[in-house]
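S.K.: Okay, predicted coordinates and the sequence, questions at the end:
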Amino acid sequence: MGKITVVGSIAMDLVTRTLRVPKAGETVFGQDFSMVPGGKGANQAIAMARLTPHEVNMIGAIGTDAFGQSISENFEKNAVLFKNVGTIPQMTGIAQITLFDEDNRIIIIPGANNSVSTDSLKGSWEIIKNSELVVLQNEITHATNLAVAKFCRENGVKVLYNPAPARPTDLEMFDFVDYITPNEHECKALFPDDSLSSVLTKYPNKLIVTLGVAGVTFHDGQEVQLIPAIKAKVVDTTGAGDTFNGAFGFALTENLSVTDSVKFAVIASHLSVQKFGAQGGMPTLKEIKEHKNYEKKWNIK
Ligand SMILES: Nc1ncnc2c1ncn2[C@@H]1O[C@H](COP(=O)(O)OP(=O)(O)OP(=O)(O)O)[C@@H](O)[C@H]1O
Ligand SMILES: [K+]
């Protein structure tokens with residue numbers, strides 16, 4: 001049975017690079033366009049499959065269109081098990097991404113991802129139950145996430161929850177998950193009235209907040225830690241957060257501490273921003289091990 005399972009979104013990313021973002025009613029010429037597989041769930045599954053020789057299971061849904069076919073081929077190529085990815089008569093989810101000024105702007109149309117429900121998970125509970133870690137994000141419905149998290153809690157399965165994009169119901173998940181990884185904007189949306197350090201202190205070794213170029217912060221049980229990002233020549237930051245989550249989750253399953261898992265994932269996301277596409281820059285374990293910040297004591301085989 002699979003060691004790591006992702007229940008989440010699958011999409012095709014339609015990526016446009018431009019030097020100017022059009023104003024309302026305006027037309028501009030962009031630099032280039034490409035289609036690359038994405039979706040936070042699929043991205044995080046692929047980030048983990050690049051790192052682990054063990055099974056990574058993807059559970060989700062695609063549509064009957066051509067995007068679905070090419071996404072399946074991509075799972076195959078990246079050694080993600082996808083027999084529990086359903087195909088339904090709908091459009092595959094898409095993300096329209098504009099790359100501008102070293103950052104991205106994204107519009108998501110969920111399509112088939114909205115059909116991932118407790119009903120559609122019927123054949124998947126056994127895989128979930130036998131996982132060492134289950135990974136969730138916010139691109140499938142809250143009701144499905146909550147049902148999976150509760151099931152995992154009842155069955156002693158650890159859950160890594162990436163509440164992205166943020167939604168008001170996220171706090172209901174907190175009691176049923178082990179690790180929560182918002183970025184700073186998502187964290188502010190969850191706790192608008194609290195300072196970052198007071199929120200981190202409330203959830204030691206559980207709430208891990210990514211701060212983009214500034215790095216990652218969390219409370220380690222003693223004090224608030226800031227693990228700085230590693231400077232990089234940025235090509236495309238799309239997927240930095242997904243790479244972080246995938247690598248963090250993988251490191252936890254290798255029994256690294258939260259602090260070491262964060263440091264490991266910071267190396268992974270630093271490598272990811274140097275290449276194009278959400279998945280394009282996701283490193284292999286070998287690439288992370290060759291990085292100067294890799295610590296031998298982590299002893300990952
Ligand atoms: N420009 C950068 N240079 C180096 N590392 C970066 C850079 N941007 C992000 N990272 C690394 O990636 C991690 C995750 O990035 P970020 O906090 O932007 O997540 P995110 O907002 O979920 O990303 P995205 O939605 O773009 O995938 C950061 O904590 C940092 O370690
Ligand atoms: K990238």
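M.R.: Now that the structure is in, tell me what you want to look at. Ligands and ions are numbered 1, 2, ... in the order given.
S.K.: Up against ligand 2, what does the stretch 151-300 of the chain have?
M.R.: In this structure, the stretch 151-300 of the chain approaches ligand 2 at residues 236, 239, 272, 281, judged by C-beta under 5 Å from the ion. Backbone N, C-alpha and C define where each C-beta goes, glycine included.
S.K.: and these as TSV, adding pLDDT?
M.R.: Shown next, in TSV, are those (pLDDT from 0 to 100):
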residue	pLDDT
236	87
239	93
272	97
281	93
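S.K.: helices and strands of this structure: which one bottoms out on pLDDT?
M.R.: strand 103-109 (a mean of 90; mean pLDDT, DSSP states H and E).
S.K.: Any buried residues in whichever helix or strand comes after it, and which?
M.R.: Sequence-wise, the next helix or strand downstream of strand 103-109 (DSSP states H and E) is helix 125-129. Judged by neighbour count using 16 or more other C-beta atoms under 10 Å, the buried positions of helix 125-129 are 127-129.
S.K.: Whether the very next helix or strand once past helix 125-129 contacts ligand 1 - can you check?
M.R.: The element immediately downstream of helix 125-129 (helix or strand, assigned by DSSP H and E) is strand 133-137. No - judged by C-beta under 6 Å from any ligand atom, strand 133-137 stays clear of ligand 1, getting no closer than 9.9 Å.
S.K.: For strand 133-137, which strands pair with it and how are they oriented?
M.R.: strand 4-7 (parallel), strand 158-162 (parallel) (DSSP bridges).
S.K.: from the middle of its chain, how far away would it be?
M.R.: Relative to its chain's centre, strand 133-137 lies at 9 Å (C-alpha atoms, centre = their mean, to the nearest Å).
S.K.: And for stretch 143-153?
M.R.: The answer for stretch 143-153 is 17 Å, by C-alpha atoms, centre = their mean.
S.K.: contact partners of that stretch?
M.R.: 7, 116-118, 121, 125, 128-129, 134, 136, 138, 157-159, 161, 169, 172-173, 175-177 (C-beta atoms under 8 Å, 6 or more residues apart in numbering).
S.K.: Then stretch 42-49?
M.R.: Against stretch 42-49 from outside (C-beta under 8 Å, 6+ apart): 4, 6, 8-11, 56-58, 60, 71, 74-75, 78-80, 135, 137, 162, 239, 242-243, 245-247, 249-250, 268, 278-279, 282.
S.K.: do that stretch and ligand 2 meet?
M.R.: No - using C-beta under 5 Å from the ion, stretch 42-49 never reaches ligand 2; the gap is at least 9.9 Å.
S.K.: average pLDDT across that stretch?
M.R.: The pLDDT scores in stretch 42-49 average 98.
S.K.: hey, C-alpha coordinates of it in CSV?
M.R.: C-alpha atoms of stretch 42-49 as CSV (Å, rounded to 0.1, in the frame of the first residue of the first chain):
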residue,chain,number,x,y,z
ALA,A,42,-1.1,16.9,-8.5
ASN,A,43,1.8,19.2,-8.1
GLN,A,44,2.4,18.1,-4.5
ALA,A,45,2.1,14.4,-5.5
ILE,A,46,4.7,14.8,-8.2
ALA,A,47,7.0,16.8,-5.9
MET,A,48,6.9,13.8,-3.5
ALA,A,49,7.2,11.2,-6.2
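S.K.: contacts with ligand 1 among the residues of the stretch 151-300 of the chain next to ligand 2, please.
M.R.: Okay, of those touching ligand 1 (C-beta under 6 Å from any ligand atom), that's residue 239.
S.K.: Greatest separation within the residues of the stretch 151-300 of the chain next to ligand 2: which pair is it?
M.R.: Farthest apart among these by C-beta to C-beta are 236 and 272. That separation is 8.7 Å.
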